[in-house]
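**Q** Following is a predicted model, sequence given first.
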Amino acid sequence: MAGSSEVEAEVGRALHRLRQERGMTVSDLAARANLSTAMISRIENGNVSPSLSTLHSLSEALSVSIMALFSNSENSADIHHVRSGGGLPARRVTPGHAHDYLLLGKHFGPGGRFQSARIRIRRAGAGTLPRYQHEGHVFIYMISGEATYTCGTESFTMQSGDTLSFDAKLPHGFGEIASDAIEFITVSARPD
């Protein structure tokens with residue numbers, strides 16, 4: 001079992017990392033957590049063992065669980081390795097449309113959410129193609145086929161090898177599939 005000074009140092013490193021990820025100064029965090037800047041500095045330097053109420057205030061100010069303050073990213077992190085042709089089979093269903101896809105990777109954490117999938121849609125069974133709109137960014141890499149993709153008021157003809165990246169606050173989605181089928185990889189990143 002780790003000694004108390006090791007735990008204090010780990011909490012301090014996690015607090016420092018989480019604060020910096022959010023672009024907050026020590027003063028910003030102190031004000032949000034209703035703590036002194038000196039206390040924040042002492043915790044980040046591993047010089048004090050914070051109480052549960054202090055940890056709760058910090059987690060609330062950073063919008064994370066208390067457990068996030070015990071997670072040093074250098075010692076623990078999720079890693080997903082998907083071999084060629086692999087992935088977790090999944091199905092997306094919206095009114096008038098459904099398609100199967102392979103989930104290639106998915107991560108959630110204090111810095112936001114990330115998801116990547118390999119998707120195949122056949123024109124014959126496409127139905128009503130869905131439109132999406134959310135916070136964050138999207139990247140699409142077209143593997144095969146041809147289709148029109150719309151972002152806001154702009155439309156793009158997408159063919160094998162093409163990429164498209166955009167701010168997901170724009171309404172977006174495939175408008176028309178021109179070939180028998182399309183296959184593409186999509187990467188979506190959203191803030192926490």
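**A** Perfect, I can see it now.

**Q** Tell me the secondary structure at residue 50.
**A** coil (DSSP: H, G, I helix; E, B strand; the rest coil).

**Q** Kindly indicate whether the residue nearest to it when sequence neighbours are not counted is helix, strand or coil.
**A** Excluding its sequence neighbours, the residue lying closest to residue 50 (Cβ to Cβ, 6 or more residues apart in numbering) is residue 43, at 5.3 Å. Using the backbone N, CA and C atoms, a C-beta is placed for each residue, glycine as well. Using three-state DSSP, the secondary structure recorded for residue 43 is helix.

**Q** Same check on the one 10 residues further on?
**A** With three-state DSSP as the basis, the three-state label of residue 53 is helix.

**Q** biggest strand in the protein by residues?
**A** In the chain, taking DSSP state E as the definition, the longest strand is strand 97-109.

**Q** tell me the mean pLDDT for the helix or strand just after it?
**A** Toward the C-terminus, strand 97-109 is succeeded by strand 112-122 as the next helix or strand (DSSP states H and E). On average, the pLDDT along strand 112-122 is 90.

**Q** Determine the longest helix present in the chain.
**A** helix 4-21 (DSSP state H).

**Q** elements contacting the helix or strand that comes right after it?
**A** Beyond helix 4-21 on the C-terminal side, the first helix or strand identified by DSSP H and E is helix 26-33. Contacts defined by 3 or more Cβ pairs under 8 Å, 6 or more residues apart in numbering; DSSP states H and E place helix 26-33 against helix 37-44, helix 52-62.

**Q** 10 Å instead?
**A** Judged by 3 or more Cβ pairs under 10 Å, 6 or more residues apart in numbering; DSSP states H and E, helix 26-33 is in contact with helix 4-21, helix 37-44, helix 52-62.

**Q** Compare those helices and say which comes out lowest on pLDDT.
**A** Among those, helix 4-21 scores lowest, at a mean of 84.

**Q** how far does that helix sit from the chain's center?
**A** Remark: helix 4-21 is offset 22 Å from the chain centroid, using Cα atoms, centre = their mean, to the nearest Å.

**Q** Wait, residue 97 touches residue 122, no?
**A** No. Checked against Cβ atoms under 10 Å, the pair residue 97 and residue 122 is beyond contact range at 11.5 Å.

**Q** Report the beta-bridge partners for residue 151.
**A** For residue 151, the beta-bridge partners are residue 154, residue 172 (DSSP bridges).

**Q** list the contacts for the residue minimising distance to the centre of the chain?
**A** Nearest to the mean C-alpha position of the chain, by Cα atoms, centre = their mean, lies residue 113 at 1.6 Å. Taking Cβ atoms under 10 Å, 6 or more residues apart in numbering, we find residue 113 in contact with 106, 107, 135, 136, 188, 189, 190, 191, 192.
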